[in-house]
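Enquirer: Predicted model, plus sequence, below.
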Amino acid sequence: MLPELLSVMSWEEFISFFQYPFVWRAVVVGTLIALVAALLGVTLVLKRFSFIGDGLSHVAFGAMAVAAVAGLTNQMIVILPVTILAAVLLLRSGRKAKVNGDAQLAIISVSALAIGYLIYNLSGSSNVSGDVCTTLFGSTSILELTPFDLWMSVGLSAAVIVVFALLYHKIFAVTFDETFYKASGVRTELYDLIIAVVIAVIIVLAMDLVGSLLISALVIFPALSGMRLFRSFKRVTLFSAALSVVCAVSGLLLSIWLSTPVGSTIVAVDLAVFLVCCAVGTAAKRA
Amino acid sequence: MDNLQEDVLLSCRELTLGYENHAVAQNISFDVVRGDYLCIVGENGSGKSTLVKTLLGLQPLLGGTISRSPALKRSPIGYLPQQTPVQRDFPATVEEIVLSGFLAKAGLRPFYTKKERALAAEKMERLGVTPFRKRCYRELSGGQQQRVLLARALCATDTMLLLDEPVAGLDPKVTQEMYELIEGLNQEDGITILMVSHDIAAVLGYATHILHVMHGSCFFGTTEEYQTSEAGKLFAGGGIHAA
């Protein structure tokens, strides 16, 4: 018998979970979210935008608090536009900021977090800490998806994948060397804007899977792992997308098996795989 | 504004350059004729990089006129920028980078055509980077990286290259090779060269024309004229800034 620290279920029990549609919904949505989250990872990491993802997720948390208190059943209609707007504003102001870009991001991010929490408390909900914990760490929301949530996620993920495929070369360009392409007549501002919107969509999607505090991990870990092992943009992108899916699905299944929180289990798997990739990358360099 | 004389690619008159109404340089006038090798020199802060950005259309012009010939409108200036920190850990192969020079020509098309791939292979061959086409850009030496970026610039243009300090950070031998390569592109491939440089000694050896940007004025003329001018004597003759 294992100690009571982890309540491990038997194999039969674990298998029996798959007769419930909510488990399948979680696997499908988890796969899609992991896939799209990893696609823009390289761009975010290399443009030094890693923390924009983090800041945006806090904005999404604030928006979710407002939506929850307003009693909306479909919170997406508030969260998505607010997050997209924040993404566009952050990107714009990053160019000609009077306040340093980092500081500005910190202001927006902590303010959204604080005000979100404040609103939750003022709402007089009976389970404030439960609600907040769910939103921040995702705890079980991925296992509570309705069919509507499922289709919403499928639709948004498909949109992100299509946009990414169509703009793949443009995204490569604005990440590598914006000045050169702008000088040769590429509309880099437009593509930056599209990237910001796509990032916002990814953040909102990923909130369901890992919660708003852990989203950055989902976006940057697979890209960093890929960059340790591969040398072409194409391979890094494909590898990180595949790796992200593998980590998310195995994290999800592990969390069901071990009864651990979904989001943090996935991030722990991502971290472990990243460390393995670092080791392999270093070993390959020496060899 | 298009009534340029034949063979004049670019004509700049009385330019005022700067940021947000703060003028950095004034009264800059020069012409670039097809086949020219123009070097842009000047002290730090004299407005060289502002001029580069303005010519590339990355920054608005505060005053004066820039006229571009139809040839230059069809095929924009190919730019060799100074390296950015992002590029130092960017995972991309040489081939991916060179091919991306066609991005502007591709417009909304989400892929590169066979013809573009063939042309990119040709440019890689021309610049001698074919042996490392599958290698990662960040693992190449400084000189090799510059060749890759030159190949990319040649995919974007077949008319005019603008090189911003192309030999910065290169060792003397590689610097020499780089200058010979650029001269080859000018002489053999007929590409008009605009080059910003600190390296005045080398510049005089290759350039046909010199633009010396100074506060409030500028010198523009052939290399011979420059060597006998006040600005030239001071800048090149004194050896103060000669690298």
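Expert: Alright, I've got the coordinates. What you see is a predicted model; the values in this text were computed from it and never measured.
Enquirer: and the residue in chain B that chain A sits nearest to, how many residues sit next to it?
Expert: With C-beta to the nearest C-beta, the shortest gap between chain B and chain A falls at B:Cys136, namely 3.4 Å. Just so you know, the C-beta spots here come from the backbone N, C-alpha and C atoms, and that holds for glycine as well. When counting by other C-beta atoms under 10 Å in any protein chain shown, one arrives at 17 neighbours for B:Cys136.
Enquirer: In contact with it, which residues are there?
Expert: A:231-232, B:91-93 (C-beta atoms under 8 Å, 6 or more residues apart in numbering or on different chains).
Enquirer: wait, which of the residues you listed is closest to B:Gly63?
Expert: Taking C-beta to C-beta as the measure, B:Gly63 lies nearest B:Ala92 of the contacts of B:Cys136, at 39.5 Å.
Enquirer: Identify the residue nearest that closest one in space, chain neighbours excluded?
Expert: A:Phe233 (4.5 Å; C-beta to C-beta, 6 or more residues apart in numbering or on different chains).
Enquirer: That neighbour contacts A:Leu39, correct?
Expert: No - because the distance of 11.9 Å does not satisfy C-beta atoms under 8 Å, A:Phe233 is recorded as not touching A:Leu39.
Enquirer: Specify which residue of these two has the higher count of neighbours.
Expert: A side-by-side neighbour count of A:Phe233 and A:Leu39, using other C-beta under 10 Å, places A:Phe233 first with 28 against 25.
Enquirer: hey, where'd the helices end up in chain B?
Expert: Shown for chain B, the helices assigned by DSSP state H span residues B:48-55, B:70-74, B:85-88, B:94-99, B:103-106, B:114-126, B:142-156, B:172-187, B:200-206, B:223-228, B:230-232.
Enquirer: what's the answer for chain A, then?
Expert: Residue ranges of the helices in chain A, as given by DSSP H, are A:11-16, A:21-39, A:41-46, A:50-69, A:76-95, A:101-122, A:128-137, A:147-176, A:178-183, A:188-210, A:215-229, A:233-258, A:262-286.
Enquirer: Ok, which of those helices comes nearest B:Gly205?
Expert: Closest among the helices of chain A, using C-beta to C-beta: helix A:178-183, at 27.4 Å.
Enquirer: could you dump that closest one to CSV, C-alpha only?
Expert: Backbone C-alpha positions of helix A:178-183 (Å, rounded to 0.1, in the frame of the first residue of the first chain) are rendered in CSV as follows:
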residue,chain,number,x,y,z
GLU,A,178,11.6,43.0,-38.0
THR,A,179,13.6,45.8,-39.4
PHE,A,180,14.8,44.0,-42.5
TYR,A,181,11.3,42.8,-43.5
LYS,A,182,9.7,46.1,-42.8
ALA,A,183,12.3,47.8,-45.0
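Enquirer: And it, what does it pack against?
Expert: helix A:188-210, strand B:78-80, helix B:142-156 (3 or more C-beta pairs under 8 Å, 6 or more residues apart in numbering or on different chains; DSSP states H and E).
Enquirer: which residues are in contact with it?
Expert: A:173-174, A:188, A:192, B:56-58, B:76-77, B:79, B:81, B:84, B:100, B:103-104, B:149, B:152-153, B:156.
Enquirer: Next: stretch B:15-25.
Expert: B:26-29, B:45-47, B:50-51, B:54, B:59, B:61-66, B:213-216, B:218.
Enquirer: Equivalent analysis for stretch A:20-32, please.
Expert: A:17-18, A:142-145, A:147, A:149-150, A:153-154, A:157, A:205, A:208-209, A:245, A:248-249, A:252, A:256, A:262, A:266.
Enquirer: mind redoing it with 7 Å?
Expert: With contact meaning C-beta atoms under 7 Å, 6 or more residues apart in numbering or on different chains, stretch A:20-32 is reached by A:17, A:142-145, A:150, A:153-154, A:157, A:208-209, A:245, A:248-249, A:252.
Enquirer: Drop anything exposed from the contacts of helix A:178-183.
Expert: Buried members of the contacts of helix A:178-183, counted by 16 or more other C-beta atoms under 10 Å in any protein chain shown: A:173-174, A:188, A:192, B:56-57, B:76-77, B:79, B:81, B:100, B:103-104, B:149, B:152-153, B:156.
Enquirer: Find the residue at the geometric middle of chain B.
Expert: B:Leu162 (1.6 Å; C-alpha atoms, centre = their mean).
Enquirer: thought that one was touching B:Leu194?
Expert: Yes - between B:Leu162 and B:Leu194 there is a contact under C-beta atoms under 7 Å: 4.6 Å.
Enquirer: Now do the contacts for the closest residue to A:Leu113 other than its chain neighbours.
Expert: Nearest non-adjacent residue to A:Leu113, counting by C-beta to C-beta, 6+ apart: A:His58, 4.6 Å away. Taking C-beta under 7 Å, 6+ apart, we find A:His58 in contact with A:109, A:112-113, A:212.
Enquirer: What residues of the lowest-mean-pLDDT helix or strand in chain A count as buried?
Expert: Ranked by mean pLDDT, DSSP states H and E, the weakest helix or strand in chain A is helix A:128-137, scoring a mean of 72. Buried positions in helix A:128-137, judged by neighbour count with 16+ other C-beta under 10 Å: A:131-132, A:134-137.
Enquirer: List just the nearest of those residues to A:Phe51.
Expert: A:Leu136 (16.8 Å).
Enquirer: that older thread, could I get the helices of chain B in JSON lines, plus columns for mean pLDDT and distance to chain A?
Expert: JSON lines is the format used below for those (pLDDT from 0 to 100; distance: least, C-beta to the nearest C-beta, whole Å):
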{"stretch": "helix B:48-55", "mean pLDDT": "88", "distance to chain A": "8"}
{"stretch": "helix B:70-74", "mean pLDDT": "81", "distance to chain A": "10"}
{"stretch": "helix B:85-88", "mean pLDDT": "73", "distance to chain A": "5"}
{"stretch": "helix B:94-99", "mean pLDDT": "94", "distance to chain A": "5"}
{"stretch": "helix B:103-106", "mean pLDDT": "87", "distance to chain A": "4"}
{"stretch": "helix B:114-126", "mean pLDDT": "93", "distance to chain A": "11"}
{"stretch": "helix B:142-156", "mean pLDDT": "92", "distance to chain A": "4"}
{"stretch": "helix B:172-187", "mean pLDDT": "91", "distance to chain A": "17"}
{"stretch": "helix B:200-206", "mean pLDDT": "83", "distance to chain A": "23"}
{"stretch": "helix B:223-228", "mean pLDDT": "84", "distance to chain A": "27"}
{"stretch": "helix B:230-232", "mean pLDDT": "76", "distance to chain A": "28"}
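Enquirer: Mind listing residues that contact stretch B:117-134?
Expert: Under C-beta under 7 Å, 6+ apart, the answer for stretch B:117-134 is B:93-95, B:98-99, B:140, B:144, B:147-148, B:150-151, B:154-155.
Enquirer: And that stretch, what's buried?
Expert: Quick answer for stretch B:117-134 (16+ other C-beta under 10 Å): B:119-121, B:123-124, B:126-127, B:129, B:132-133.
Enquirer: out of these, what pair is the most spread apart?
Expert: Spatial extent of the buried residues of stretch B:117-134 (C-beta to C-beta) is set by the pair B:Leu119 and B:Phe132 at 18.5 Å.
Enquirer: Flag every residue of the stretch 1-150 of chain A that's near chain B.
Expert: Residues of the stretch 1-150 of chain A lying near chain B by C-beta under 7 Å from any C-beta of the partner chain: A:46-47.
Enquirer: What residue in the stretch 1-150 of chain A comes nearest to chain B?
Expert: Closest point on the stretch 1-150 of chain A to chain B, by C-beta to the nearest C-beta, is A:Leu46, at 5.3 Å.
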